[in-house]
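Student: task: produce atomic coordinates for the following.
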Amino acid sequence: MGSSQTKPEFLTVLAEKQVEFGQTVTLQCETNTEALIPTWEKNGQKLECVEGKHKTVQTGKMCILEIANAQEGDEGNYTLTLHNKEGTASCSAMVTVELSEWRTVEWKQKPMIEKLRSFKIANDKVSELRFLLYGPVGAGKSSVINTIKSIFERRQFINCLAAAESSKSHTIYYQKYSVAQGKFFPFAFNDIMGVEKEKCEGVLTDDIISALKGHVKEDYQFFSTHPLSKDSTYYLTNPSLSDMMHCLVNVIPADKLALIKGDFIRKMKAVRQAASRMGMPQVVFLTRVDRACPMTKANLRNIYKSKKIRDKMRKCSNLLGIPTNCIFPVGNYHEETGMNEDINCLMLDALTKIVDWANDYVVKCSNKQVHVE
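Tutor: Numbers count the residues shown, from 1 in each chain. Predicted structure coming up:
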């Protein structure tokens, strides 16, 4: 009779790996027996080993996988399954490959704050550049405003209620949040009711377009059943360039891109088309990046080395038709109680770009007679 086998178990399991582009990845673990057959998988599929790229080794009770010259295609979830006639056991680990940095950020906030402090709007009749934030409930529109206000107030600002994981919008009234401090920081952000998941309810497309054109007065209460009427006291009949929005900021959650589809995409594109007809710049703030990418959660400065974030940006670009260079992954204050310069710098990097584009729009509108329907 042959010797009996022991059911395979792991004494140590595979460890998560984060490596730089071009490095060698080594995944290894220790088992309780040598009498087993190891099988490697990547993302749920059998790993097809390539000579010179992959090397699998079983030395005593150690099982090892080496991946040479790590490329972005090597990123994924690797699983080792142990087999013998007594049973099986599996464990998995994520391999993350840091790409060469494909967009740079100035990780010092002071120069960017000074640039924004000294910013001058091209038209003296426009006191503030105005930005309309639009997106699904829970995307972080209100958190974006809180983060921006926190940067310039130099303390946590939480007056703009955030919907967090709620499916209902906390923003019911049309509100403007000014950053201005005297003649400095002439910027304002308007928060609008979010689009809700259920039957794509929430803010109506007509109201968003009216807000872009400057027809909606502050404190207007949104309704998901009917748009703002021209007869309403909250309807501004002849808006000036100062009343209009100067940039549309689509706020999209990076970790929930797969849920944004169908009616919501059609609604977003209708708003985008209206903004395009006006010649208005449009950008995306891609939020919740810490939840979309473990590497970014561990260190926000890795954001432009992350394949996951780059892929999310490309997917967002394809969904909304907005160029990737107009998409900015950002971090918001939502768990922190103190100030974080990396969060500030990522937001400031986006702000320094979009204020220039909004100002260009003011110049363009100033050079021709602005007619708003």
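
Student: state the mean pLDDT of the strand of greatest length in the chain.
Tutor: The strand spanning the most residues in the chain, taking DSSP state E as the definition, is strand 87-98. In this model, strand 87-98 carries a mean pLDDT of 96.

Student: beyond that strand, next helix or strand please.
Tutor: Next helix or strand after strand 87-98 toward the C-terminus (DSSP states H and E): helix 109-117.

Student: same question for that next one: list its buried residues.
Tutor: Applying a neighbour-count criterion of 16 or more other C-beta atoms under 10 Å, one finds Q109, M112, I113, L116 buried in helix 109-117. No exception for glycine: its C-beta is placed from N, CA and C like everyone else's.

Student: who does the helix or strand just after it pair up with?
Tutor: Under the assignment DSSP H and E, the closest C-terminal helix or strand after helix 109-117 is strand 129-134. Partner strands and pairing direction for strand 129-134 (DSSP bridges) are strand 187-191 (parallel), strand 247-253 (parallel).

Student: would you put the C-alpha positions of the last one in PDB?
Tutor: If I follow you right, that is strand 247-253. Output of strand 247-253 as PDB, limited to C-alpha atoms (Å, rounded to 0.1, in the frame of the first residue of the first chain):
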ATOM      1  CA  CYS A 247     -17.400  75.900 -17.000                       C
ATOM      2  CA  LEU A 248     -19.400  72.700 -16.600                       C
ATOM      3  CA  VAL A 249     -17.800  70.300 -14.100                       C
ATOM      4  CA  ASN A 250     -19.100  66.700 -14.400                       C
ATOM      5  CA  VAL A 251     -18.400  64.900 -11.100                       C
ATOM      6  CA  ILE A 252     -18.100  61.200 -11.600                       C
ATOM      7  CA  PRO A 253     -17.300  58.500  -9.000                       C
END
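
Student: identify all contacting residues around whichever helix or strand comes after that strand.
Tutor: Heading C-terminal from strand 247-253, the first helix or strand you meet, by DSSP H and E, is helix 263-278. Residues outside helix 263-278 that contact it (C-beta atoms under 8 Å, 6 or more residues apart in numbering) are 134, 136, 195, 199-200, 205, 208-209, 212-213, 248, 250, 282, 319-322.

Student: rounded mean pLDDT for helix 263-278, please.
Tutor: Looking at helix 263-278 alone, the average pLDDT works out to 90.

Student: now the top helix by length along the chain: mean pLDDT?
Tutor: With secondary structure taken from DSSP state H, the chain has its longest helix at helix 341-366. The average pLDDT for helix 341-366 rounds to 97.

Student: can you give me the angle it makes with strand 129-134?
Tutor: Taking axes from the mean of the first three to the mean of the last three C-alpha atoms, to 10 degrees, one finds helix 341-366 and strand 129-134 inclined to each other by 110 degrees.

Student: pLDDT wise, what is E106 at?
Tutor: With respect to pLDDT, E106 scores 94.

Student: gap between it and D349?
Tutor: In this structure, E106 and D349 are 7 Å apart, going by C-beta to C-beta, to the nearest Å.

Student: now do the shared contacts for the two.
Tutor: Both E106 and D349 are in contact with M112, where contact means C-beta under 8 Å, 6+ apart.

Student: any weak-confidence spans in the stretch 201-350 of the chain?
Tutor: Counting by pLDDT under 70, the stretch 201-350 of the chain contains low-confidence residues at 201-202.

Student: strands of that one, start to end?
Tutor: Across the stretch 201-350 of the chain, reading from the start of the chain, the strands by DSSP state E, counting those that start in this stretch fall at 247-253, 282-287, 327-329.

Student: adding mean neighbour count, write those strands out as JSON lines.
Tutor: Putting the strands of the stretch 201-350 of the chain into JSON lines (neighbours: other C-beta atoms under 10 Å) gives the following:
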{"stretch": "strand 247-253", "mean neighbour count": "24"}
{"stretch": "strand 282-287", "mean neighbour count": "24"}
{"stretch": "strand 327-329", "mean neighbour count": "22"}
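
Student: turn the ones you listed into a markdown table, including distance to K17.
Tutor: Formatted as a markdown table, the entries for the strands of the stretch 201-350 of the chain read as follows, by distance: least, C-beta to C-beta, whole Å:
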| stretch | distance to K17 |
| --- | --- |
| strand 247-253 | 27 |
| strand 282-287 | 26 |
| strand 327-329 | 23 |
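
Student: nearest to V126, of the ones you listed?
Tutor: Among those, the nearest to V126 by C-beta to C-beta is strand 247-253 (12.7 Å).

Student: give the buried residues for stretch 173-190.
Tutor: Buried residues in stretch 173-190, counted by 16+ other C-beta under 10 Å: Y174, Q175, Y177, V179, F185, P186, F187, A188, F189, N190.

Student: whoops, stretch 96-103 was the one
Tutor: Under the neighbour-count rule (16+ other C-beta under 10 Å), stretch 96-103 has T96, V97, E98, L99 buried.

Student: what's across from the third one in the sheet?
Tutor: Right, E98. E20.

Student: likewise N190?
Tutor: Each beta-bridge partner of N190 is listed here: L132, K176, as defined by DSSP bridges.

Student: verify the stated contact: it with S178.
Tutor: No - judged on C-beta atoms under 8 Å, N190 makes no contact with S178 at a distance of 10.2 Å.

Student: rewinding a little: between helix 263-278 and the longest helix of the chain, find me the angle.
Tutor: Interaxial angle, helix 341-366 versus helix 263-278 (the same axes, to 10 degrees): 50 degrees.

Student: and stretch 269-288, which residues are buried?
Tutor: Counting neighbours by 16+ other C-beta under 10 Å, the buried set in stretch 269-288 is 271-272, 274-275, 278, 280-288.

Student: identify, from these, the entry nearest to V330.
Tutor: Distances from V330 to the buried residues of stretch 269-288, taken by C-beta to C-beta, are shortest for F285, at 5.1 Å.

Student: dump the residue contacts of that closest one.
Tutor: Listed by C-beta under 8 Å, 6+ apart, the contact set of F285 reads L133, G140, V144, V249, N250, V251, I252, F328, V330, A350.
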